[in-house]
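Peer 1: Okay, structure incoming, though there's no sequence with it:
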């Protein structure tokens, strides 16, 4: 089985050298354990998916640490959060760096435990599925922002992607790329494992109902989040759907994109948008069984947008940055407007707002960025270069402040 080099590796090496503990979060099967074992082979390993290991950690922590000496990697640590108090005592008694690496697939539970027990002692990194850069062995590792500087640097290491729809359909889990793994079998196993190991502990519902919920959510990727609509489809209450959406977000299955908030945009819609983090899983749940069928389907535009948003988030994670306070969207209607204006993404950086449109077209037009001027109303912010991420084969300036970019520029 070939190991696929992960872009976040230098970040993890730097952080383990500077911190007493390193926490790696991310959904199941994105490669957390493989990455840690490959990059840090000197670490001993304990896996809390194993019930006996968890039991010893809970009931006899001193014996657990005798049997598992430092430096120690604890996988799925959220399954026994009580161990964090013991880790705190250990790291506080020593000035050594790089004593523990922890990983887990339930981000919010982990962050709560860390803030209570290991605040100031742990460095947190998120591992996503494979990015298009990683799949194509591109070493460039800066987060996407459509400045002239970024575009010029990125262009030096561009590798054309001739099979983009195959990658969108296949998804981003490493196992689908390092061995010849059947797509249907992988995702069937993934859903079963996810339901049995993660959801079983968090949801008081039968697996059939929750699978119907997963499918209903996957069918709405790239759309504004409507709890009542989903609840009506699957026959459960709206509060239940809200709780279940929260679980999907906590376990890394979906991302909730928040609307841009500014007092100057008085008629902006406040509803967030929902995106699956992995397009392959969304395709499996909605029964698009081939790349060609997906490419020619009515949902192709939403899947393309989902893929682009996911790639942009990965570019932040792989550089070790938190994207939550940088990436938004806008939708609203002015009194004089005939229809609502929408900006698919707004990337905020250093007081500058960069509007990004995502269009499944090979023939972008300047008027696709017509809504961008709305950002000029926001005081103390400056509008930067606008971008249209689309299916062109090379960068194309549409105005002096608007550029069409191939997906490969992310």
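Peer 2: Done, it's in. These figures come from a predicted structure and were not determined experimentally.
Peer 1: how about residue 29, what does it touch?
Peer 2: By CB atoms under 8 Å, 6 or more residues apart in numbering, the contact set of residue 29 is 173-175, 190. (Glycine included, C-beta is placed from N, CA and C.)
Peer 1: repeat that with 10 Å
Peer 2: Residues in contact with residue 29 (CB atoms under 10 Å, 6 or more residues apart in numbering) are 105, 129, 171-176, 186, 189-190, 193-194, 252, 278, 281.
Peer 1: tell me which residues in the longest helix anywhere in the chain are buried?
Peer 2: In the chain, taking DSSP state H as the definition, the longest helix is helix 300-318. Buried residues in helix 300-318, counted by 16 or more other CB atoms under 10 Å: 300, 302-318.
Peer 1: Please indicate which of the contacts of residue 29 are buried?
Peer 2: 105, 129, 171-176, 186, 190, 194, 252, 278, 281.
Peer 1: quick one, domains of the protein?
Peer 2: Listed domain ranges for the chain are 9-126, 132-409 (source: automatic domain parsing).
Peer 1: Select the helix or strand of the protein having the lowest average pLDDT value.
Peer 2: When each helix and strand of the chain is scored by mean pLDDT, DSSP states H and E, helix 107-117 comes last, with a mean of 59.
Peer 1: Strands along the stretch 251-400 of the chain, start to end?
Peer 2: Taking DSSP state E, counting those that start in this stretch as the test, the strands found in the stretch 251-400 of the chain are 254-257, 273-276, 327-332, 341-349, 352-358, 382-383, 386-390, 396-399.
Peer 1: want to try a markdown table for the ones you listed, with mean neighbour count, mean pLDDT and distance to residue 42 as columns?
Peer 2: Output for the strands of the stretch 251-400 of the chain, formatted as a markdown table (neighbours: other CB atoms under 10 Å; pLDDT from 0 to 100; distance: least, CB to CB, whole Å):
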| stretch | mean neighbour count | mean pLDDT | distance to residue 42 |
| --- | --- | --- | --- |
| strand 254-257 | 20 | 96 | 34 |
| strand 273-276 | 24 | 97 | 36 |
| strand 327-332 | 21 | 92 | 36 |
| strand 341-349 | 19 | 94 | 37 |
| strand 352-358 | 23 | 98 | 42 |
| strand 382-383 | 15 | 96 | 47 |
| strand 386-390 | 26 | 98 | 41 |
| strand 396-399 | 13 | 97 | 49 |
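Peer 1: want to throw those into TSV with distance to residue 18?
Peer 2: Converted to TSV, these look like this (distance: least, CB to CB, whole Å):
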stretch	distance to residue 18
strand 254-257	28
strand 273-276	32
strand 327-332	26
strand 341-349	24
strand 352-358	30
strand 382-383	34
strand 386-390	34
strand 396-399	41
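Peer 1: Quick check: the gap between the closest residue to residue 278 other than its chain neighbours and residue 187.
Peer 2: Leaving aside its sequence neighbours, residue 278 sits nearest to residue 171 (CB to CB, 6 or more residues apart in numbering; 4.8 Å). Separation of residue 171 from residue 187 (CB to CB, to the nearest Å) stands at 8 Å.
Peer 1: Contacts only, for the residue nearest to residue 278.
Peer 2: In this structure, residue 171 makes contact with 29, 129-130, 177, 183, 186-187, 190, 276-284, 307, 310, judged by CB under 10 Å, 6+ apart.
Peer 1: how about a cut-off of 8 Å?
Peer 2: When contacts are counted by CB under 8 Å, 6+ apart, residue 171 touches 129, 187, 278-281, 283-284.
Peer 1: Please apply the same query to residue 371.
Peer 2: Residue 371 neighbours (CB under 8 Å, 6+ apart): 330, 341-343, 355.
Peer 1: Stretch 214-232: which residues count as buried?
Peer 2: Judged by neighbour count (16+ other CB under 10 Å), stretch 214-232 contains these buried residues: 214-223, 225, 227, 230-231.
Peer 1: go on, stretch 282-298?
Peer 2: Using 16+ other CB under 10 Å as the test for burial, stretch 282-298 gives 282-286, 288, 291, 294-295.
Peer 1: Out of those residues, which two sit at the greatest distance?
Peer 2: The distance between the two most remote of the buried residues of stretch 282-298 (CB to CB) is 17.9 Å, for 285 and 295.
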